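Student: give me a model of this one.
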Amino acid sequence: MKYVLTGGPCCGKTATINELSSRGFNVVEETARKIIKENPGITVEERQKRIFEEQLEKELKLSPDGLYFLDRSLVDCVAYSLFYIGKLPELLHGFDFRRRYDKIFLLHRLQFEKDNIRVENAQEAQLLHDKLHEVYISLGYAVAEVPLLPVAARANFILERIAQTPA
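Tutor: So this is what the prediction gives:
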């Protein structure tokens with residue numbers, strides 16, 4: 001089972017993933033921040049390719065019998081590529097993004113805060129958030145929206161929605 005936490009910059013994905021990890025759940029940390037930090041001068045297209053390759057590698061290593069929470073997914077690469085370069089890098093063409101994930105959780109955005117990795121401003125962060133939602137829907141995913149709540153309550157909200165999902 002793979003559950004994705006997604007949303008635009010500044011929506012609390014990482015804090016919520018960390019909360020789920022502290023409760024003993026398996027998590028897959030965000031790939032993009034690592035790639036951006038390690039490769040500051042690369043083009044946006046090259047960055048998206050590297051993020052996709054590393055994310056795919058991580059996902060392929062997951063046990064088919066496990067339960068995982070992912071801080072973003074391969075689908076996020078699609079949304080970010082469309083947002084920043086207006087097209088998919090060649091590497092992503094023909095890849096089947098459908099039915100890879102069991103549930104998508106779109107976290108409502110928090111107050112925008114700039115950091116040393118984020119290149120977006122508050123308006124772009126909202127547009128990215130909307131693009132992520134649009135892309136997941138276009139690929140046939142049902143998206144559960146996670147409201148603004150304290151971190152522990154967000155984790156509880158997600159776990160309750162999973163418990164309510166028929167097997």
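Student: could you use CA atoms for every contact and neighbour count after this?
Tutor: OK.
Student: off-centre distance for the helix or strand bottoming out on mean pLDDT in the chain?
Tutor: Ranked by mean pLDDT, DSSP states H and E, the weakest helix or strand in the chain is helix 32-38, scoring a mean of 85. Centroid separation for helix 32-38 versus its chain: 14 Å, with CA atoms, centre = their mean, to the nearest Å.
Student: who's in contact with the residue positioned nearest the centre of the chain?
Tutor: With distances taken as CA atoms, centre = their mean, the residue of the chain nearest its centroid is R72 (1.7 Å). Contact partners of R72, counting by CA atoms under 8 Å, 6 or more residues apart in numbering, are V4, L5, T6, E30, T31.
Student: by neighbour count, which of those residues wins?
Tutor: Neighbour counts for the contacts of R72 (other CA atoms under 10 Å) peak at T6, which has 28 neighbours.
Student: tell me the pLDDT at it?
Tutor: Turning to T6, the model gives it a pLDDT of 97.
Student: same question, K114
Tutor: 67.
Student: list the buried ones in the least confident helix or strand of the chain?
Tutor: Going by neighbour count (16 or more other CA atoms under 10 Å), the buried part of helix 32-38 is A32, I35, I36.
Student: can you give me the helices in this protein?
Tutor: 13-22, 32-38, 44-60, 74-85, 122-138, 151-164 (DSSP state H).
Student: D102 is nearest to which of those helices?
Tutor: D102 lies closest, by CA to CA, to one member of the helices of the chain: helix 151-164, at 9.4 Å.
Student: which other residues reach the closest one?
Tutor: For helix 151-164, the surrounding residues in contact (CA under 8 Å, 6+ apart) are G12, A15, T16, E19, L20, F105, V146, P147, L148.
Student: in strands, which of the contacts of R72 appear?
Tutor: Judged by DSSP state E, the contacts of R72 include V4, L5, T6 as members of strands.
Student: in a markdown table: those residues, plus distance to E54.
Tutor: Converted to a markdown table, the ones in strands among the contacts of R72 look like this (distance: CA to CA, whole Å):
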| residue | distance to E54 |
| --- | --- |
| V4 | 16 |
| L5 | 18 |
| T6 | 17 |
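Student: tell me, how many residues neighbour E46?
Tutor: Counted with other CA under 10 Å, E46 comes out at 12.
Student: bridging residues for V4?
Tutor: L70, I104 (DSSP bridges).
Student: give me the distance between it and L148.
Tutor: Remark: distance between V4 and L148 (CA to CA, to the nearest Å) = 17 Å.
Student: please apply the same query to P9.
Tutor: From P9 to L148 the distance is 14 Å (CA to CA).
Student: higher neighbour count, those two?
Tutor: P9 (24 against 14).
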